[in-house]
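A.B. asks: heads up, no residue letters with this:
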């Protein structure tokens, strides 16, 4: 049986990191983790582009514009939505998630989801490089694997 799967070698990939400015004290750690992971896996730092969106609500539109440009092989979306005392969290997290998924499917480009959706600042800190690892690095790995897999399909 023939099996196709991606690996983590996409050294000539052109990658966009789309990161939010909102909650940047968390998101900057996700960006660092993603960038470090990509460079360690052979992606040339010069082929990385960092784009800052205001917040997670805006990530799908910015990501869609980047996908439509044809300049990138993959996009890593990075943000942080922390639950508060109002329904705002549900609206932003839901639309961000749905929008990023739609971009990936409609534009035929890997968009990895590195948007933290947490109940507290403490949980966000844990997922941005402490106890729970760095979710930005994990999103970068997933995107590398998808770029590699799509090239094989």
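C.D. replies: Right, received. Where do you want to start? As the structure is a prediction and not an experimental result, all values here were calculated from the model.

A.B. asks: pLDDT value on the residue nearest to residue 48 when sequence neighbours are not counted, please?
C.D. replies: In this structure, residue 48 finds its nearest non-sequential neighbour in residue 15, 5.4 Å apart by C-beta to C-beta, 6 or more residues apart in numbering. Every C-beta, even on glycine, is put in place using the N, C-alpha and C of the backbone. For residue 15, the model assigns a pLDDT of 98.

A.B. asks: Make sure residue 15 is actually in contact with residue 78.
C.D. replies: No: using C-beta atoms under 8 Å, residue 15 is not in contact with residue 78; the gap is 12.0 Å.

A.B. asks: the strands in the chain, which residues?
C.D. replies: Using DSSP state E, the strands of the chain run over 15-20, 48-53, 74-82, 111-118.

A.B. asks: on that earlier part again, more crowded one of residue 15 and residue 78?
C.D. replies: Neighbour count, other C-beta atoms under 10 Å: between residue 15 and residue 78, residue 78 has more, with 30 against 25.

A.B. asks: For stretch 111-127, which residues meet the burial criterion?
C.D. replies: Going by neighbour count (16 or more other C-beta atoms under 10 Å), the buried part of stretch 111-127 is 111-118, 123-127.

A.B. asks: Please compute how far it lies from its chain's middle.
C.D. replies: Centre-to-centre, stretch 111-127 and its host chain are 12 Å apart (C-alpha atoms, centre = their mean, to the nearest Å).

A.B. asks: What are the contacting residues of that stretch?
C.D. replies: Under the contact criterion C-beta atoms under 8 Å, 6 or more residues apart in numbering, stretch 111-127 has outside partners 23, 26, 30, 34, 56, 59, 63, 67, 74-83, 89, 93, 96-97, 100-101, 103-104, 128, 132-136, 138-140, 142-143, 146.

A.B. asks: and that stretch, average pLDDT?
C.D. replies: Here stretch 111-127 scores 96 as its mean pLDDT.

A.B. asks: same thing with stretch 137-150?
C.D. replies: Averaged over stretch 137-150, pLDDT sits at 96.

A.B. asks: who's in contact with residue 9?
C.D. replies: Residues in contact with residue 9 (C-beta under 8 Å, 6+ apart) are 41-42, 144, 148.
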